[in-house]
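Q: show me the folded form of this:
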Amino acid sequence: MTALWTSDEIAQAVSGTANGAFECNGVAFDSREIGDGDLFFAMKGEHSDGHRFAAQAFASGATGAVASEAVDGPHILVPDTMRALEQLGIASRARVSAKIIGVTGSAGKTGTKEAIYAALDRCSPGKVHRSVKSYNNHVGVPLSLSRMPRDCHYGVFEMGMNHAYEISALTRFVRPHVAIITTIAPAHIENFKDESGIADAKSEIFEGLEPGGVAIIPADNRHYPRLLDHARKYTSNIVSFGFSESADVRCIDHMANRAGGSLVTAKLPGTMLQYELSQPGEHWVSNSLAVLAAVQAVGGDLAVAGLALADMGGLAGRGARHHIVVPGGTALLIDESYNANPASMAATLTGLGNASADRRIAVLGAMKELGAQSPEFHRALQQPIESANVNLLLLVGEEMAPLAEALAGEIAWAGKFAHCGSVGEASQRLRDETRAGDAILIKGSNSVGLSAVVETMLGGGD
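A: The predicted structure follows:
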């Protein structure tokens, strides 16, 4: 087996000085995640210094390190380990002949990235690399690039942002052959004048497109014309997806299947495809169209990709579904605890409304980074909540106060909701209230900590 990196290759890539020879098969900057044969980056941050954990990394199996000061063990000495990580990611991207796909958007980034990975891995088993978790920022992207095997056929990378110009830097590392924007919605809007600023920032992904690259954009989004104008600056190969009759990759028809997902008929340039989609909700139908557009753009097998979409499981914190044991039987728990914005809240509440259940319970945490418009966005959740026929609503976070105040003034909501003072209170209330036949949605911004509610409920069985 060829090593991921040798010490000589690393030293050359990062312009560092080698102190001892070694080979590595993985890369990490968290000493707690080091495995046998890994390379450890000793990163310096505001509150921690990775050099203090170098000994722990070597004890956990690291074969070498990249450090800005001498450590006990084979290492590459560099002036700046963050810059060295970027340089290693750049070198990794330069040495592969793989087709590279970049994914961004206000919602659905990670799920779409994972679905593309599943589809392409079904076509080329073991030859597809992707960023893990949500490693989509200035550290996660070069780290994910540095882990890419030299002989892979495809690479799929997620790119996120909170401010303008962040994706501009990331996409120049990734240099995608295919760049996808899933959707534009008011996520992180507190850092922008309005949604058009978000569209501009997400469109930075096109700046890194390789010559002849493909831009994939959502035809149904109201910012489509703006995205199209941005894409045209960097490529003439633009593919739209969605439900619109003008979309290049278009959903002709979709209906719920018995498993809770969808049966989708899609029209693509030059072909038609009917496939099962394991993930529930119309937003996932849209995401799957972007997946198919990407697979077609890199020459993958669409029929095989359709099979992968049928088999794809839910992601922890992003739609994973669990059947939990409760008194008298089981209940369905939908884990959407990792992130939330107005668009994704509405989409997942629609999914809850479509779930087969005796009662529907929603545990909703605050949506962060919405700025001055936060009260309005939270108050506006009343409509999708009521459309989903929610029987019990538990709200968590001070940002939910405007919604709680609105519901308190309506007789129809008397006794059907609570604004909990803590995650612990929400957990206890949910455990006391849940009964057999319920469908439970747990969703909020990650910092609210609703994953703890999920963990509490899963303690009853899966």
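Q: quick check: closest non-adjacent residue to residue 145.
A: residue 89 (3.4 Å; C-beta to C-beta, 6 or more residues apart in numbering). Any C-beta I mention is one placed from the backbone N, CA and C, and that applies to glycine too.
Q: quick one: mean pLDDT over the helix or strand harbouring that neighbour.
A: Counting by DSSP states H and E, the element that carries residue 89 is helix 81-95. Mean pLDDT, helix 81-95: 98.
Q: buried stuff in that helix?
A: By neighbour count on 16 or more other C-beta atoms under 10 Å, the buried set for helix 81-95 is 81-82, 84-93.
Q: how about the contacts made by the residue most central in space within the chain?
A: For the chain, the residue sitting closest to the mean C-alpha position, by C-alpha atoms, centre = their mean, is residue 110 at 2.0 Å. Contacts here follow C-beta atoms under 8 Å, 6 or more residues apart in numbering; on that basis residue 110 touches 133-134, 136, 158, 315, 318.
Q: which one (most neighbours) among these?
A: Neighbour count (other C-beta atoms under 10 Å) singles out residue 158 as the most crowded of these, with 29 neighbours.
Q: distance of that residue relative to residue 69?
A: Note on residue 158: its distance to residue 69, by C-beta to C-beta, to the nearest Å, is 32 Å.
Q: how far is the helix holding residue 89 from where the chain is centred?
A: For helix 81-95, the gap between its own C-alpha mean and the chain's C-alpha mean amounts to 23 Å (C-alpha atoms, centre = their mean, to the nearest Å).
Q: which outside residues touch that helix?
A: 5, 9-10, 12-16, 27, 29, 41-44, 50, 66-68, 76, 78, 100, 139, 141-148, 150, 173-175.
Q: show me what the spatially closest residue to residue 220 that is not a sequence neighbour bridges to in the sheet.
A: Of all residues not flanking residue 220 in the chain, residue 242 sits nearest, at 3.8 Å (C-beta to C-beta, 6+ apart). Here residue 242 shows beta-bridge partners residue 250, assigned using DSSP bridges.
Q: rewinding a little: farthest-apart pair in the buried residues of helix 81-95, please.
A: 81 and 93 (18.9 Å; C-beta to C-beta).
Q: what's the mean pLDDT across the helix or strand hosting residue 231?
A: Using DSSP H and E, residue 231 falls within helix 224-232. The average pLDDT within helix 224-232 is 98.
Q: in that helix, what's buried?
A: Across helix 224-232, burial judged by 16+ other C-beta under 10 Å covers 224, 226-227, 230-231.
Q: and stretch 179-191, by the same measure?
A: Within stretch 179-191, the residues that count as buried by 16+ other C-beta under 10 Å are 179-189.
Q: residues in contact with residue 262?
A: 254-256, 276-277, 280, 284-285.
Q: before we move on, the earlier item: for the buried residues of stretch 179-191, which one is nearest residue 366?
A: Among the buried residues of stretch 179-191, and counting by C-beta to C-beta, the member closest to residue 366 is residue 187, at 13.4 Å.
Q: the closest one against residue 104, yeah?
A: No - judged on C-beta atoms under 8 Å, residue 187 makes no contact with residue 104 at a distance of 11.1 Å.
Q: quick one: the strands in the stretch 351-462 of the chain, in order.
A: 359-365, 392-396, 417-420, 438-443 (DSSP state E, counting those that start in this stretch).
Q: would you turn these into JSON lines with distance to residue 338?
A: JSON lines is the format used below for these (distance: least, C-beta to C-beta, whole Å):
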{"stretch": "strand 359-365", "distance to residue 338": "11"}
{"stretch": "strand 392-396", "distance to residue 338": "15"}
{"stretch": "strand 417-420", "distance to residue 338": "19"}
{"stretch": "strand 438-443", "distance to residue 338": "9"}
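Q: of all the ones you listed, which one is nearest residue 215?
A: Between residue 215 and the strands of the stretch 351-462 of the chain, the shortest gap by C-beta to C-beta is with strand 438-443, which sits at 30.2 Å.
Q: by contact count, what packs against the closest one?
A: Judged by 3 or more C-beta pairs under 8 Å, 6 or more residues apart in numbering; DSSP states H and E, strand 438-443 is in contact with strand 329-336, helix 342-354, strand 359-365, helix 451-458.
Q: returning to what we had before: could I get the helix holding residue 89 in CSV with only the CA atoms?
A: Only the C-alpha atoms of helix 81-95 are listed here, as CSV (Å, rounded to 0.1, in the frame of the first residue of the first chain):
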residue,chain,number,x,y,z
THR,A,81,1.6,25.3,11.0
MET,A,82,-1.7,26.8,9.7
ARG,A,83,0.0,27.9,6.5
ALA,A,84,1.7,24.5,6.2
LEU,A,85,-1.7,22.8,6.4
GLU,A,86,-2.9,25.0,3.5
GLN,A,87,0.3,24.2,1.5
LEU,A,88,-0.2,20.4,2.1
GLY,A,89,-3.8,20.7,0.9
ILE,A,90,-2.7,22.6,-2.2
ALA,A,91,0.0,20.0,-2.9
SER,A,92,-2.6,17.2,-2.5
ARG,A,93,-5.0,18.8,-4.9
ALA,A,94,-2.2,19.4,-7.4
ARG,A,95,-1.0,15.7,-7.5
